[in-house]
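A.B. asks: coordinates for the following, if possible.
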Amino acid sequence: MYGKTRSGIGLPALCDDAGILLSAPAGGALADAAIQGRLFSVANQAAVNTTAALATTWTGLGVGNPSTSGKNYVFHEFAWTIEEADDDSGAVGLMIATVGDMAQAVTPRCARYGYVTTVALTDDGATPGTPILVRLCGSFYQAANSVVNTVGPHTYRIDGSIVIPPGYALLSYTGVATTGKLLFHYLWEELDA
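C.D. replies: Okay, here's the model as predicted:
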């Protein structure tokens with residue numbers, strides 16, 4: 001057997017007439033998902049305000065999975081960077097909540113550009129359900145007029161270890177409120193639920 005599908009169905013090896021195994025370049029861990037139109041990303045287009053800690057009147061960047069999507073969102077990456085220095089210092093992380101009133105306010109993109117669209121709710125400000133902090137991804141310390149220890153962007157590899165089912169959202173978290181300083185991005189795959 002050559003391998004198995006995710007559902008456990010065995011696949012035969014493919015050989016040429018001389019019996020030599022035929023293979024194709026893999027193109028990277030997420031190449032198949034990108035080619036098949038299952039991989040999406042979203043990023044803030046300008047620095048945003050963020051709310052402190054587990055606020056339900058939330059701002060930053062998040063990806064919500066509508067209850068009617070029929071998909072599970074498998075997250076591969078989250079990143080953040082600081083656009084401008086001020087006196088804020090705090091943690092950066094990820095939290096999960098129900099979708100609440102999220103909308104598609106920031107345009108998500110398929111990794112295979114121009115191929116398909118997503119119904120993901122990609123928002124930079126909403127009122128989700130009560131959030132729960134699930135990952136700490138880093139911290140930032142800023143002194144007036146200088147950024148200390150925050151060379152970035154800071155990329156947190158999720159590698160499929162967070163799956164958001166329909167009706168839930170993955171949201172950026174900052175331990176303190178910031179004003180127009182941070183940008184975020186997400187990379188996720190959409191699979192049938």
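
A.B. asks: please pull up the helix or strand immediately following the lowest-mean-pLDDT helix or strand in the chain.
C.D. replies: The helix or strand of the chain with the poorest confidence is strand 146-148; it has a mean of 54 (mean pLDDT, DSSP states H and E). Per DSSP states H and E, strand 146-148 leads on to strand 154-164 as the next helix or strand towards the C-terminus.

A.B. asks: show me where this protein has helices.
C.D. replies: Taking DSSP state H, the helices of the chain run over residues 31-35.

A.B. asks: regarding it, what is its longest strand?
C.D. replies: Among the segments of the chain that qualify as a strand by DSSP state E, the longest is strand 178-192.

A.B. asks: what average pLDDT does that one get?
C.D. replies: Here strand 178-192 scores 94 as its mean pLDDT.

A.B. asks: tell me what that strand is packed against?
C.D. replies: Judged by 3 or more CB pairs under 8 Å, 6 or more residues apart in numbering; DSSP states H and E, the packing partners of strand 178-192 are strand 39-43, strand 48-50, strand 58-64, strand 71-82, strand 168-174. C-betas here are computed from N, CA, C, even on glycine.

A.B. asks: go with 7 Å
C.D. replies: In this structure, strand 178-192 packs against strand 39-43, strand 48-50, strand 58-64, strand 71-82, with contacts taken as 3 or more CB pairs under 7 Å, 6 or more residues apart in numbering; DSSP states H and E.

A.B. asks: got the angle for that strand vs strand 154-164?
C.D. replies: Interaxial angle of strand 178-192 relative to strand 154-164 (axes from the mean of the first three to the mean of the last three CA atoms, to 10 degrees): 50 degrees.

A.B. asks: could I get the buried residue list for strand 178-192?
C.D. replies: 178, 181-190 (16 or more other CB atoms under 10 Å).

A.B. asks: how about stretch 63-71?
C.D. replies: Buried, per 16+ other CB under 10 Å, within stretch 63-71: 63-66, 69, 71.

A.B. asks: now, among those, which is nearest to Ser161?
C.D. replies: Distance ranking of the buried residues of stretch 63-71 against Ser161, using CB to CB, places Val63 first at 15.3 Å.

A.B. asks: cheers, nothing more for now.
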